[in-house]
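1. sequence and predicted model, in that order:
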Number of protein chains: 2
Amino acid sequence: MEAPSIHEANKHKKLGGRTMEIVRIGVTQPYDVLIGRGLLKEADKHLYPFVADKKVLIMTDDTIMKHGYLNQISEKLKTTAGAIHTISFQPGEEQKSMENVTRLVGHLADLNFSRQDVIIALGGGVIGDLAGFVASIYLRGIDFIQIPTTLLAAIDSSVGGKTAVDLPQGKNLVGAFYHPRLVLCDVDSFQTLEPHIFEDGCSELIKYGMIMNPRLLSELMDRTTPLQATDEELVEIVKECVEMKRKVVLEDEYDHGLRQLLNYGHTLGHAFEQCSQYQISHGRAVALGMSVFLQMADKINQLDDHYREQFDALLHQYHLLAEKYDYTAEELSKAMINDKKRRNSTITIVLPIAFGKCDLFQYPIDEFLSWFNEEWQKYEVYS
Amino acid sequence: MEAPSIHEANKHKKLGGRTMEIVRIGVTQPYDVLIGRGLLKEADKHLYPFVADKKVLIMTDDTIMKHGYLNQISEKLKTTAGAIHTISFQPGEEQKSMENVTRLVGHLADLNFSRQDVIIALGGGVIGDLAGFVASIYLRGIDFIQIPTTLLAAIDSSVGGKTAVDLPQGKNLVGAFYHPRLVLCDVDSFQTLEPHIFEDGCSELIKYGMIMNPRLLSELMDRTTPLQATDEELVEIVKECVEMKRKVVLEDEYDHGLRQLLNYGHTLGHAFEQCSQYQISHGRAVALGMSVFLQMADKINQLDDHYREQFDALLHQYHLLAEKYDYTAEELSKAMINDKKRRNSTITIVLPIAFGKCDLFQYPIDEFLSWFNEEWQKYEVYS
């Protein structure tokens, strides 16, 4: 299969009055991201080429199962797939463990899965990361399909091929670059998300706006009511984010440079997550990271001060900033420099350089930390 | 870096009177295999670009350590590397476990290894497979260097990028395609191998001869005494095998077709290993597999019958065939069809089609098994 040109890559299909968007990701083994409404009801049709006569293991979590999506998919595929097996985990980041990896590869071996068989990840980022990593190492790689059921997973972890599990020492320390064969993103499934989970996805939307899409950022700021899962324009917005991520990923598949732009808010965000022992959600941790780093950028890049106020107001609209954070600059600094992205004695961080535009900056770690320390003191409007 | 043409790829350097052969493996991230004598004594020079100022974890086994190679390398690198850590395992296939993988990634995290740091695999295939797989998944991939200390590892597992660990359900069921940054092959280190380990490597040499190199096969057959680790021509022979493997691997990096040629003797060999619970060595299991499959090929490919006698005589010269095997056709059949390489209801096997030339054949599993059953009865000259 050849990767299509950029002009061919944006397609959409009419499906019984509905529109399905297709974004092709032209990595070495290209795959499609299908985005639309009601797609789970047609799962058999979309998944046919990848599951026909094959053994299928659907991995999900108990919340997704409770909403009936697992039954729905199993029912749809039962006449197509050779055999369907399912496994469900309790929700939560702690499922991304080496223990679960070991258990899952053993389970696949017990089920006699061959290189022709397939794993389906039905869920959010945790399920996607765990299933993708297991698929990448079992028999040195078998097919997997992502069916993201959260906004965050749809626009973040389902594009880019990063899979990973955590160690007690830190998040995502073990993993692989491994792409799915298909991503089936049914925006309708976001309607069953708890509001704070949907808002976490909005944090990622806002990030895309800030790093490379001033129009999206303006649109979000101009809304009179916050975006909701039922809003018509959500399919288009998800498609736009998937395309932005595709652009960045294709230029830097193995994360050596440009892709670090996507880490805006993450250097500090990861530190927050770690200090809170992952009680703060990823979306909220990144939101605070973006806010603090925007303040830092204000200083060196001479951004208009009102951007920061507008930006914080936007984050507040989605309840992404708390009133109070109990971490000292020292704790956060320690967590930041333990982050795997540090490079010898310098640190690469992402800072806004204009409204809807970010760039990478490299600083000596000491300079960065003293600077952060100063900013964090000021930031104690929240403490 | 560009992959060189085949003409540029074969280089050798004079080193104080000795010759070092260099084979460049032109995969996506190309690397060199250095082959010669006395190379461990110059480890600092050869490894400099990959270890300077970096944290290094040298993984080895207790036998290698006993021979002093670990001390020798550590001593050589101590002024170059930023820090040197070492870890040694008991020898044996059982070290290739998910438990050791989990332990090792945790160890790397404890040592605060970053994406810039490096793992050195000093040992045979077990250490190479385990270290390579750990390097491939820690932080989604850090550098590793292979220093094969067995003939088998030098000509087999150090080229091709296959890394793996075992599950209780079978061998090499979990792994990754991941290439080293450098392979440093000091043929002198083979002199400390126990004779049966060196002979296991010779089984692999014979395999290369039979699948694609009639000249090498003739040379081995024409020898009046078996090849030994001290023989002058060993450097050239290792280089020739590495080049053959490179040729096959470059045409089929991800093991979809041609590379299966390298599995000559392995379909049955793996079954032997499994039935014996890995008490039969890989080299001896593959030797018997080659012998039986040559007999099967004789029948359909009308090979001259004396090839088989000559070939078995060669295997006997290296003590690779036993006088007696205690496994029934039924036990072996069961193990063969559980092998991960089966594809639906057919099986792909490698059979000689001429002296020093093999090809891939696909048969319905039932047909293959009834045929094997018949041959195995005849093969009871050994039982």
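-> The structure has been received and is ready for your questions.
2. for the closest residue to residue A:356 other than its chain neighbours, which residues are in contact?
-> With C-beta to C-beta, 6 or more residues apart in numbering or on different chains as the criterion, residue A:356 has its nearest non-adjacent residue at 2.7 Å, and that residue is residue A:214. The way it works is simple: take the backbone N, C-alpha and C, and place the C-beta from them, glycine included. Contacts for residue A:214 (C-beta atoms under 8 Å, 6 or more residues apart in numbering or on different chains) come out as A:354-357.
3. is it possible to get TSV of the residues you listed that adds pLDDT and neighbour count?
-> Listed next are these as TSV, based on pLDDT from 0 to 100; neighbours: other C-beta atoms under 10 Å in any protein chain shown:
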residue	pLDDT	neighbour count
A:354	90	13
A:355	89	17
A:356	93	17
A:357	92	14
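4. so which of these is the closest to residue A:194?
-> Of all these, residue A:356 has the smallest distance to residue A:194: 29.3 Å, by C-beta to C-beta.
5. isn't the closest one up against residue A:219?
-> No: counting by C-beta atoms under 8 Å, residue A:356 does not reach residue A:219; the two are 10.7 Å apart.
6. show me the common contact partners of these two, please.
-> Counting by C-beta under 8 Å, 6+ apart, nothing touches both residue A:356 and residue A:219.
7. surely residue A:378 is in contact with residue A:298?
-> No: using C-beta under 8 Å, residue A:378 makes no contact with residue A:298, being 10.8 Å away.
8. which residues touch stretch A:285-305?
-> Outside of stretch A:285-305, the residues within contact range by C-beta under 8 Å, 6+ apart are A:203-204, A:206-207, A:210, A:264-273, A:276, A:307-308, A:311-312, A:315, A:318, A:320-322, A:325, A:349-355, A:371-372, A:375-376, A:378-379.
9. just the buried subset of those residues, written out for ChimeraX, thanks.
-> Buried residues among the contacts of stretch A:285-305 (16 or more other C-beta atoms under 10 Å in any protein chain shown), as a ChimeraX selection:
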select /A:203,204,206,207,210,264,265,266,267,268,269,270,271,272,273,307,308,311,312,315,318,320,321,325,349,350,351,352,355,372,375,376,379
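10. tell me which of the contacts of stretch A:285-305 fall in strands.
-> In this view, the contacts of stretch A:285-305 that belong to strands under DSSP state E are A:349-354.
11. between the residues you listed, which sits nearest residue A:56?
-> residue A:350 (38.7 Å).
12. what are the bridge partners for the closest one, then?
-> residue A:360 (DSSP bridges).
13. got the contact list for it?
-> Residue A:350 neighbours (C-beta under 8 Å, 6+ apart): A:211, A:260-261, A:263-267, A:293, A:358-361.
14. switch to 6 Å and redo it
-> Residues near residue A:350 by C-beta atoms under 6 Å, 6 or more residues apart in numbering or on different chains: A:261, A:263-264, A:358.
15. equivalent analysis for residue A:201, please.
-> A:151-152.
16. please apply the same query to the one 10 residues further on.
-> Under the criterion of C-beta under 6 Å, 6+ apart, the contact partners of residue A:211 comprise A:261, A:264, A:358.
17. quick one: secondary structure of residue A:23?
-> Here residue A:23 is recorded as strand under DSSP: H, G, I helix; E, B strand; the rest coil.
18. need the per-residue pLDDT for it.
-> What the model reports for residue A:23 is a pLDDT of 95.
19. residue A:375 now?
-> 84.
20. get me the contact residues on chain A for chain B.
-> A:98, A:102, A:105-106, A:109, A:137, A:139-140, A:167, A:169, A:173-177, A:340 (C-beta under 6 Å from any C-beta of the partner chain).
21. element containing residue A:294, please.
-> Following DSSP states H and E, one finds residue A:294 within helix A:282-301.
22. dump that helix to PDB, keeping only the CA atoms.
-> Only the C-alpha atoms of helix A:282-301 are listed here, as PDB (Å, rounded to 0.1, in the frame of the first residue of the first chain):
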ATOM      1  CA  HIS A 282      -3.900  14.100  32.700                       C
ATOM      2  CA  GLY A 283      -6.100  16.800  31.100                       C
ATOM      3  CA  ARG A 284      -6.100  18.900  34.300                       C
ATOM      4  CA  ALA A 285      -2.400  18.400  34.900                       C
ATOM      5  CA  VAL A 286      -1.600  19.500  31.300                       C
ATOM      6  CA  ALA A 287      -3.900  22.400  31.600                       C
ATOM      7  CA  LEU A 288      -2.100  23.800  34.600                       C
ATOM      8  CA  GLY A 289       1.200  23.100  32.800                       C
ATOM      9  CA  MET A 290       0.100  25.100  29.800                       C
ATOM     10  CA  SER A 291      -1.100  27.900  32.000                       C
ATOM     11  CA  VAL A 292       2.200  28.200  33.900                       C
ATOM     12  CA  PHE A 293       4.400  27.800  30.800                       C
ATOM     13  CA  LEU A 294       2.300  30.500  29.000                       C
ATOM     14  CA  GLN A 295       3.100  32.800  31.900                       C
ATOM     15  CA  MET A 296       6.800  31.900  31.600                       C
ATOM     16  CA  ALA A 297       6.600  32.500  27.900                       C
ATOM     17  CA  ASP A 298       4.900  35.900  28.400                       C
ATOM     18  CA  LYS A 299       8.100  37.000  30.000                       C
ATOM     19  CA  ILE A 300      10.600  36.000  27.400                       C
ATOM     20  CA  ASN A 301       8.500  36.200  24.200                       C
END
